[in-house]
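K.L.:
One predicted model, sequence on top.
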Amino acid sequence: MDPADPCFLDRPSPTVAPDLLGRILVSERPEGRVAVRLTEVEAYTGLDDPASHAYRGRTARNAVMFGPPGFVYVYFTYGMHFCMNLVTGPGTTAGAVLLRAGEIVEGVELARGRRRSARRDTELAQGPARLTQALGIAREQNGEPLPGPVFRLLPGTPAAPELIRQGPRTGVAQGADTPYRFWLDGDPTVSPYRRHVPRRASRTSQ
DNA sequence: TGTAGGATTACCT
DNA sequence: GGTAATCCTACAG
């Protein structure tokens, strides 16, 4: 299905997610344009998904997820990182796809400037917070439309089905057994899988 | 390779 | 008031 089709995102997120692999997401910011070829994504299905931010209902932070598909949900976590999701359907069911990793295919210089700590270009968007930083995305982009002035999905070439792999989601405590993480086999920009590790108890309580 | 530290949001007691 | 969270970086070894 063509990402330019208005119905592209108005489907269940586990259906949309593998269909995003290999597609090009363009981010237009005042400093310039960066485009990323998506290589790793995760689907979150909404109110029925214990790993989803939508699971416990609507809050000020996750309100965008409860709106129609075709918008970008950006959230702040761990006190310093932003991650971005595409809100999917069907309808207003709070489905979303987290963009986890990709290959920068345009604006590499700009992405390098935003990701000074990256030692290789494959690390520029290797991880959800890294991808968001490489695209110059922060809190202000929460609720941006897709397509819109900032974000566009290019038709591009979808990934070959035989390269798509599926497995458990990363870094989630609940629902980690649901195989809603999708990635391109062998791609060097895919972030290494990390099982969720409960955060160490604070020193004072030890 | 492992782990500590960063510091917001939201839920829980 | 406590703690876990869709995580990354620096540094030690």
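P.N.:
Alright, I've got the coordinates.

K.L.:
Skip the chain neighbours and tell me the closest residue to residue A:25.
P.N.:
Nearest non-adjacent residue to residue A:25, counting by Cβ to Cβ, 6 or more residues apart in numbering: residue A:36, 5.3 Å away. For glycine as for every other residue, the C-beta is placed from the backbone atoms N, C-alpha and C.

K.L.:
my read is the one you found is in a strand, agree?
P.N.:
Yes - inclusion of residue A:36 in a strand is indicated when DSSP: H, G, I helix; E, B strand; the rest coil is applied.

K.L.:
what's across from residue A:44 in the sheet?
P.N.:
residue A:96 (DSSP bridges).

K.L.:
OK, contacts around it?
P.N.:
A:13, A:51-54, A:85, A:95-98, A:180 (Cβ atoms under 8 Å, 6 or more residues apart in numbering).

K.L.:
Ranking by neighbours, what's the top pick from those?
P.N.:
residue A:95 (32 neighbours; other Cβ atoms under 10 Å).

K.L.:
can you pull the contacts of that residue?
P.N.:
Taking Cβ under 8 Å, 6+ apart as the test, what residue A:95 contacts is A:12-13, A:16, A:43-46, A:65, A:69, A:87-89.

K.L.:
between those, which is nearest DNA strand B?
P.N.:
Of all these, residue A:65 has the smallest distance to DNA strand B: 10.9 Å, by Cβ to the nearest atom of the strand.

K.L.:
Provide the secondary structure category for that closest one.
P.N.:
Three-state call for residue A:65 (three-state DSSP): helix.

K.L.:
any idea of the pLDDT on residue A:182?
P.N.:
For residue A:182, the pLDDT comes out at 94.

K.L.:
related to what we said a few turns ago, in CSV, list the contacts of residue A:95 along with pLDDT and distance to residue A:80.
P.N.:
Listed next are the contacts of residue A:95 as CSV, based on pLDDT from 0 to 100; distance: Cβ to Cβ, whole Å:
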residue, pLDDT, distance to residue A:80
A:12, 96, 32
A:13, 96, 26
A:16, 97, 28
A:43, 95, 25
A:44, 95, 22
A:45, 94, 27
A:46, 91, 27
A:65, 96, 22
A:69, 97, 29
A:87, 97, 24
A:88, 97, 27
A:89, 95, 31
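
K.L.:
Just the buried ones from those?
P.N.:
Neighbour-count burial (16 or more other Cβ atoms under 10 Å) applied to these gives A:13, A:16, A:43-46, A:65, A:69, A:87-89.
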